[in-house]
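Q: Starting from these lines, generate the structure:
(one chain, ligands or ions: 3)
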Amino acid sequence: MTELAAVKTALKTQAVETPSWAYGNSGTRFKVFAQPGVPRTPQEKLDDAAQVNEYTGAAPTVALHIPWDKVDDYAALAKYAQERGLKLGTINSNTFQDDDYKLGSICHPDATVRRKALDHLFECVDIMDATGSKDLKLWFADGTNYPGQDDIRERQDRLAEGLALVYERLGDDQRMLLEYKFFEPAFYTTDVPDWGTAYAHCLKLGPKAQVVVDTGHHAPGTNIEFIVATLLRERKLGGFDFNSRFYADDDLMVGAADPFQLFRIMYEVIRGGGFTPGVAFMLDQCHNIEAKIPAIIRSVMNVQEATAKALLVDRTALAEAQRTGDVLAANAVLMDAYNTDVRPLLAQVRSEMGLDADPVAAYHRSGYAARIAAERVGGQQAGWGA
Ligand code: PSV
Ligand code: MN
Ligand code: MN
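A: Ligands and ions are numbered 1, 2, ... in the order given. Below you'll find the model as predicted:
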């Protein structure tokens with residue numbers, strides 16, 4: 001196989017999971033701007049996700065968020081997805097929206113609240129059994145706002161205890177992906193604030209526990225690709241929540257704020273052998289002011305563009321420049337790949353897959369947006385932001 005053929009083959013296999021909540025209305029704490037045609041049910045979110053997959057050919061799974069996507073029959077929902085060419089993907093738990101969770105969930109000082117949170121997490125594993133989902137994604141809003149509010153160390157003990165109980169419930173082919181976030185909603189301490197804490201817990205739990213890197217969950221200037229390289233080296237990178245940030249956890253479109261960072265991350269993924277089904281490429285975004293379906297299509301394309309550039313890095317030339325200490329040449333190899341316009345290559349890949357070369361234009365031509373705007377009244381909010 002020529003090198004270009006190998007790059008094309010890799011691009012054809014890449015899959016990006018889209019989140020059910022990205023299809024719903026969302027906003028900031030100041031305002032949620034409702035959009036016409038937004039889904040009213042989990043089924044309608046899947047209908048929209050099927051559109052993204054139809055035009056990109058690269059978004060075959062959809063992440064659910066429980067209870068935002070609560071249904072009576074999850075096996076039936078999985079069948080509904082299947083009939084639209086999709087599969088249900090990661091199950092995201094929610095231990096942050098109830099009044100009981102004011103002081104935390106599985107780290108809460110009161111055992112009854114910890115129990116409630118655990119029961120929810122067990123329910124999420126039951127849902128995975130029904131849907132065939134392989135991954136449980138855990139993000140905890142737990143933390144404190146004031147020094148002295150709670151015992152930092154004991155909260156870690158409670159966290160470890162809770163995680164271990166959930167871990168025990170996982171089937172042999174199921175994983176637990178632990179997500180970290182440096183602040184918000186807690187402002188003083190966060191119980192899983194960084195990759196090191198997530199890694200330490202996952203290491204103790206065992207091979208079915210891995211870390212998920214949400215690109216928006218770092219302080220400005222953090223070298224995320226270093227984290228990626230390190231976690232991959234330790235076989236503890238479970239996946240990504242892709243999005244962009246300018247200031248905080250902005251949840252903007254991936255590749256919008258810093259496409260160069262995304263390229264550097266994808267290069268480390270490929271370099272570290274992470275371009276395999278094991279590492280989940282997921283979006284975790286909200287489209288507050290832009291039209292949602294085309295924004296999600298664009299996001300998938302942004303991931304593909306960064307991946308294509310990373311695949312084009314001449315690794316032989318790079319290794320040679322690195323070995324000889326030729327700093328400028330090594331940097332130039334990376335920059336050459338990054339500065340390549342990969343849009344024609346991706347257009348060709350899409351044509352070879354029987355897709356329109358321009359997924360956003362194809363979606364706009366389809367008339368789907370006008371149809372859902374006419375048919376759907378009273379669209380659902382993504383879950384937060386009211
Ligand atoms: C909250 O920060 C968050 O964005 C986390 O990243 C989760 O993955 C997501 O919400 C859904 O709960
Ligand atoms: Mn996330
Ligand atoms: Mn987030």
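
Q: CA atoms for contacts and neighbours, from now on please.
A: OK.

Q: Quick check: the closest residue to Pro36 other than its chain neighbours vs Ala219, distance?
A: Of all residues beyond its chain neighbours, the one nearest Pro36 is Ala373 (4.9 Å), with distances taken as Cα to Cα, 6 or more residues apart in numbering. Counting by Cα to Cα, to the nearest Å, the gap from Ala373 to Ala219 is 39 Å.

Q: quick revisit: now the residue nearest to Pro36: how far from Arg40?
A: 12 Å.

Q: quick one, which of these two is more surrounded?
A: Arg40 (18 against 15; other Cα atoms under 10 Å).

Q: Pretty sure that one sits against Gly378.
A: Yes - Arg40 is in contact with Gly378 according to Cα atoms under 8 Å; the separation is 6.7 Å.

Q: Met282 bridge partners, please.
A: In this entry, Met282 is beta-bridged to Glu17, Asp241, by DSSP bridges.

Q: tell me, how many neighbours does it end up with?
A: Met282: 27 neighbours (other Cα under 10 Å).

Q: how about Tyr338, what does it touch?
A: Contact partners of Tyr338, counting by Cα atoms under 8 Å, 6 or more residues apart in numbering, are Phe260, Phe263, Ala306, Lys309, Ala310.

Q: Looking at these, which are in helices?
A: Phe260, Phe263, Ala306, Lys309, Ala310 (DSSP state H).

Q: any idea how far Ala330 is from the residue lying closest to the third one once chain neighbours are set aside?
A: In space, and not counting its chain neighbours, Ala306 is closest to Phe263: 4.6 Å by Cα to Cα, 6+ apart. When Cα to Cα is the yardstick, Phe263 and Ala330 sit 16 Å from each other.

Q: now do Asp72
A: Distance, Asp72 to Ala330, using Cα to Cα: 56 Å.

Q: which residues in the protein form strands?
A: Taking DSSP state E as the test, the strands found in the chain are 18-19, 61-65, 87-92, 135-139, 143-144, 175-179, 189-190, 209-214, 237-242, 280-283.

Q: just to revisit the earlier point, who has more neighbours, Phe263 and Ala330?
A: When neighbours are counted by other Cα under 10 Å, Phe263 comes out ahead of the other of Phe263 and Ala330, with 26 against 20.

Q: who's in contact with the more buried one?
A: Counting by Cα under 8 Å, 6+ apart, Phe263 has contacts Ala306, Thr307, Lys309, Ala310, Tyr338.

Q: switch to 7 Å and redo it
A: Ala306, Thr307, Lys309, Ala310 (Cα atoms under 7 Å, 6 or more residues apart in numbering).

Q: do you know how far the residue in the chain sticking out farthest from the centre is from Pro344?
A: Distance from the centre of the chain peaks at Thr324, with 37.9 Å (Cα atoms, centre = their mean). Distance, Thr324 to Pro344, by Cα to Cα: 34 Å.

Q: OK, contacts around the residue nearest the centre of the chain?
A: Centroid check for the chain by Cα atoms, centre = their mean gives Asp241 as the closest residue, at 2.4 Å. Listed by Cα under 7 Å, 6+ apart, the contact set of Asp241 reads Val213, Asp214, Thr215, Phe281, Met282, Leu283, Asp284.

Q: rerun at 8 Å
A: Applying Cα under 8 Å, 6+ apart, the residues contacting Asp241 are Val212, Val213, Asp214, Thr215, Phe281, Met282, Leu283, Asp284.

Q: For the first one, name its beta-bridge partners.
A: Which is Val212. Beta-bridge partners of Val212, as defined by DSSP bridges: Glu179, Gly239.

Q: surely it meets Met176?
A: No - if you go by Cα under 8 Å, Val212 and Met176 don't touch, sitting 9.4 Å apart.

Q: residue ranges of the helices in the stretch 151-300 of the chain, please?
A: For the stretch 151-300 of the chain, the helices defined by DSSP state H, counting those that start in this stretch cover 152-169, 195-205, 224-233, 259-271, 292-311.

Q: Low-confidence bits of this protein, can you list those?
A: Low-confidence segments of the chain, defined by pLDDT under 70: 1-2, 379-381, 383-386.

Q: rerun that using 80 as the cut-off
A: 1-2, 378-386 (pLDDT under 80).

Q: before we move on, the earlier item: may I ask you to confirm that the residue nearest to Pro36 is in contact with Pro39?
A: No - here Ala373 does not reach Pro39: they are 9.7 Å apart, not a contact under Cα under 8 Å.

Q: got the contact list for Lys137?
A: Applying Cα under 8 Å, 6+ apart to Lys137 gives the contacts Thr90, Ile91, Asn92, Ser93, Met176, Leu177, Leu178, Glu179.

Q: Next one: the fifth one from Ser93, what distance?
A: Spatial separation of Met176 from Ser93 under the definition Cα to Cα is 11 Å.

Q: which residues do these two both contact?
A: Joint contacts of Met176 and Ser93 (Cα under 8 Å, 6+ apart) are Leu136, Lys137, Leu138.

Q: partners of the last one in the sheet?
A: Okay, so that is Leu138. Under DSSP bridges, the beta-bridge partners of Leu138 are Leu178.

Q: Report the contact partners of it.
A: Asn92, Ser93, Met176, Leu177, Leu178, Glu179.

Q: Next up, the contacts around the third one.
A: Read it as Met176. By Cα under 8 Å, 6+ apart, Met176 lies in contact with Asp135, Leu136, Lys137, Leu138, Tyr167, Leu170, Lys208, Ala209, Gln210.

Q: Leu178 is in contact with the first one, correct?
A: No - taking contact to mean Cα under 8 Å, the distance of 10.3 Å between Asp135 and Leu178 leaves them out of contact.

Q: Give the closest residue to Ala374 in space, chain neighbours not counted.
A: In space, and not counting its chain neighbours, Ala374 is closest to Gly37: 6.9 Å by Cα to Cα, 6+ apart.

Q: do you know how far the one you found is from Val377?
A: Using Cα to Cα, we find Gly37 at a distance of 7 Å from Val377.

Q: Looking at those two, which one has more neighbours?
A: More neighbours surround Gly37 than the other of Gly37 and Val377, with 22 against 14 (other Cα under 10 Å).
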